[in-house]
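In: sequence and predicted structure, then a few things I'm wondering about:
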Amino acid sequence: MRDPVLFAIPFFLLLLTLEWTAARKLEKLDAAAARNPSQDRPSSGAYLTRDSMASISMGLVSIATTAAWKTLALVGYAAIYVYVAPWHLPATKWYTWVAAIVGVDLLYYAYHRVAHRIRLMWATHQAHHSSQYFNFATALRQKWNNSGEILMWLPLPLLGLPPWLIFFSWSLNLIYQFWVHTERIDKLPRWFEFIFNTPSHHRVHHGMDQIYLDKNYGGIFIIFDRMFGSFQKELFRPHYGLTKQVDTFNIWKLQTHEYVAIARDVRSASRLRDRLGYVFGPPGWAPRTAGQTGENTPLAASR
């Protein structure tokens, strides 16, 4: 039950420090230059100290919250594995490891896609997208509510995968995703870009440009995006962050502001269907107003 993520933290910090140093040294970036008034966004590879510290702080808190969610999940997964699963796959076989790693990534893709399309789940996930910078610090800007992933992975113990192996694969997935949060790595060999998630693919995912919205959900593999129609190649440098930026470095507000917005919208709604739409509709959903035709529709920007 030793979490590989804990052993990876020193390497995360080392790579973050190297990238940050490169940003300062090679481009002579500082907090003022990163927010050059002549630009509409931070420079490529830029770091802003307050933004990075917010990301790192959210990552540190997520270590504790994730451990709590995993402890809760362990009880349920173990019960399903022991009492419900029709068979138990041996952890000593290579195919069990392949099934665990690919299974976790496939269900992560499904969770990730749903989290971008249902506002209640987006409220949890949006904190990770809230930075207008894209660097290794952004990778540490993790959510504190893992309930969606835990529920999504329930089929895995049912298929006979040992709970500890599910958690191990989850950690490998998270570790892999660290290195794709950078603008310092350009496109990689074509065969690698075709199979695996890469910095180029993940820059698209964090883009708020209309063509990039809700694309490239993969964790380790990009194959599922290609299979299920959510792949978008990188055409230009994205604008990062949310379509409605949250201008704060307060980590509590960054984690909770969308829940507050949902509660405010639900209170303002007069019909049950509108209340449900605000909670379970896509981000940006709004009731139909006078003069509109058809069903209630989301706004042009999904987040």
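Out: Looks like it came in fine.

In: where along this structure do the helices fall?
Out: With helices called from DSSP state H, the chain shows them at 4-27, 31-34, 49-79, 94-115, 119-125, 136-139, 147-152, 155-158, 163-178, 190-195, 199-205, 223-227, 251-268, 272-280.

In: any chance of those helices in a markdown table with distance to Y217 as columns?
Out: All C-beta spots, glycine's among them, are computed from the backbone N, C-alpha and C. A markdown table is the format used below for these (distance: least, CB to CB, whole Å):
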| stretch | distance to Y217 |
| --- | --- |
| helix 4-27 | 21 |
| helix 31-34 | 28 |
| helix 49-79 | 20 |
| helix 94-115 | 4 |
| helix 119-125 | 11 |
| helix 136-139 | 16 |
| helix 147-152 | 12 |
| helix 155-158 | 18 |
| helix 163-178 | 11 |
| helix 190-195 | 15 |
| helix 199-205 | 7 |
| helix 223-227 | 6 |
| helix 251-268 | 19 |
| helix 272-280 | 19 |
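
In: closest one to P287 among those?
Out: Minimum separation from P287 across the helices of the chain (CB to CB) falls at helix 272-280, 4.6 Å.

In: low-confidence stretches in the protein?
Out: Residues of the chain meeting the criterion pLDDT under 70: 1-3, 5-8, 12, 15, 20, 22-40, 289-303.

In: same thing but at 80, please
Out: In the prediction, the chain carries residues with pLDDT under 80 at positions 1-46, 288-303.

In: before we move on, back to that, return the most buried member of the helices of the chain.
Out: helix 136-139 (a mean of 24; mean count of other CB atoms under 10 Å).

In: C-alpha coordinates for that helix, PDB please?
Out: Once non-C-alpha atoms are left out, helix 136-139 reads as follows in PDB (Å, rounded to 0.1, in the frame of the first residue of the first chain):
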ATOM      1  CA  PHE A 136       5.100  21.500 -14.000                       C
ATOM      2  CA  ALA A 137       3.600  23.400 -11.200                       C
ATOM      3  CA  THR A 138       0.200  23.300 -12.900                       C
ATOM      4  CA  ALA A 139       0.500  19.500 -12.800                       C
END
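
In: quick thing: my sequence starts at 6, can you match it?
Out: I'll keep to 6 as the first residue from here, and by that count the last item is helix 141-144.

In: who are the packing partners of it?
Out: Helix 141-144 sits against helix 9-32, helix 54-84, helix 168-183, with contacts defined as 3 or more CB pairs under 8 Å, 6 or more residues apart in numbering; DSSP states H and E.

In: could I get those as a markdown table with distance to G223?
Out: What follows is those, written out as a markdown table (distance: least, CB to CB, whole Å):
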| stretch | distance to G223 |
| --- | --- |
| helix 9-32 | 19 |
| helix 54-84 | 20 |
| helix 168-183 | 9 |
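
In: minimum distance to F201: which of the ones you listed has it?
Out: Of these, the one closest to F201 (CB to CB) turns out to be helix 168-183, at 8.5 Å.

In: return the distance of the closest one from the chain's centre.
Out: Relative to its chain's centre, helix 168-183 lies at 14 Å (CA atoms, centre = their mean, to the nearest Å).

In: ok, stretch 143-152 next?
Out: With CA atoms, centre = their mean, you get 7 Å for stretch 143-152.

In: how about that stretch: buried residues?
Out: T143, A144, L145, R146, Q147, K148, W149, N150, N151 (16 or more other CB atoms under 10 Å).

In: ok, the first one - contacts?
Out: Meaning T143. S60, H133, S136, H186, H211 (CB atoms under 8 Å, 6 or more residues apart in numbering).

In: just the fourth one next, same as before
Out: If you count contacts by CB under 8 Å, 6+ apart, R146 has them with A59, S60, M63, G64, A132, H133, S135, S136.

In: and the fifth one, by the same measure?
Out: Taking CB under 8 Å, 6+ apart, we find Q147 in contact with M63, G64, S67, T71, A132, H133.
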